[in-house]
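*Asks:* Structure here, sequence nowhere to be found:
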């Protein structure tokens, strides 16, 4: 009898957790993006936030999930920003082999400021088979299970490819932001020099 | 630098707006985040400020990805448990052998076939005797020759 009740409680908690993810995923990514200024870091940290929330569901009183999830997200981002992993992001030779040349088309340059366009552009810089997984997941709104069904590939293979793509995309985004900052400061120097 | 904390000890609405917009400087962000991490009221206020911003869309596979990660973390824990169990079992067996006296009994048991016999010296002694006799004969022969010369 007790086991049946425990099972029912677990089911309710799992259902509650699913609702939290559906309701607050956008909010948590927004907060993570505000803190990290990197879309791919933000997406990953938002997932970490929900994983931590899932593990902590037993201890959560259910009173204010929005504040609870926000606190977890802020703590995850703080830990990440302080971690040496974030400070020393670099690509190995095998990682570099997955990235195509850095040539930027004029139309891409024009939309450089748009985050969505930047996501698309960076996914396009990956070589196959990573590019199609990253584009499907981040740009075309496809689930991995759907891609597995369409391509006949194993879900686990696609998960590994997405994991590796994310690692590369985080570094590419960081480089892109650093280049943009350098461009801005150069432009402001030129303007002040001309005046 | 703008005022981040109000006289009541909570984050100001302006700082929350800037936080949500991602426009705080790194040191300001660090200070505000440290406060929010321990203040439920400000965490809720930040969530509301973030909701007022243009929302960031999560990828369509975001929820499925979380479900997969949860299921893999469960499998990972099970594998870790199995590995730990095997290591603990092996260590337990080793300790049992060590303290139950099994090793001691094995080390001290006498195996007659494994004993090393002392080498036999009879052949060596025989050669030695022959050599001694031979050298004695030479000495005697020399002494005989000398005596003959002396005469």
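*Replies:* In hand now; what should we look at? Since the model is a prediction, treat every value here as computed from it, not as a measurement.

*Asks:* Domains in chain B, by residue range?
*Replies:* Here the domain parsing of chain B from automatic domain parsing is B:1-60, B:77-108, B:120-151.

*Asks:* Using JSON lines, lay out these together with distance to chain A and mean neighbour count.
*Replies:* For glycine as for every other residue, the C-beta is placed from the backbone atoms N, C-alpha and C. Formatted as JSON lines, the domains of chain B follow (distance: least, C-beta to the nearest C-beta, whole Å; neighbours: other C-beta atoms under 10 Å in any protein chain shown):
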{"stretch": "domain B:1-60", "distance to chain A": "4", "mean neighbour count": "17"}
{"stretch": "domain B:77-108", "distance to chain A": "11", "mean neighbour count": "10"}
{"stretch": "domain B:120-151", "distance to chain A": "69", "mean neighbour count": "9"}
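
*Asks:* Can you add distance to residue A:149 and give these back as a markdown table?
*Replies:* Converted to a markdown table, the domains of chain B look like this (distance: least, C-beta to C-beta, whole Å):
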| stretch | distance to residue A:149 |
| --- | --- |
| domain B:1-60 | 14 |
| domain B:77-108 | 27 |
| domain B:120-151 | 85 |
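
*Asks:* Looking at these, which is nearest to residue A:139?
*Replies:* Comparing these against residue A:139 with C-beta to C-beta, the closest turns out to be domain B:1-60 (8.8 Å).

*Asks:* So which residue is smack in the middle of chain B?
*Replies:* residue B:87 (12.7 Å; C-alpha atoms, centre = their mean).

*Asks:* Assign a three-state SS to residue 60, would you?
*Replies:* Using chain A here. Three-state call for residue A:60 (DSSP: H, G, I helix; E, B strand; the rest coil): coil.

*Asks:* switch to chain B, that's the one I care about
*Replies:* coil.

*Asks:* Look up phi and psi at the residue nearest to it when sequence neighbours are not counted.
*Replies:* In space, and not counting its chain neighbours, residue B:60 is closest to residue A:141: 4.0 Å by C-beta to C-beta, 6 or more residues apart in numbering or on different chains. Dihedral pair for residue A:141: phi 70, psi 30, per degrees, to the nearest 10.
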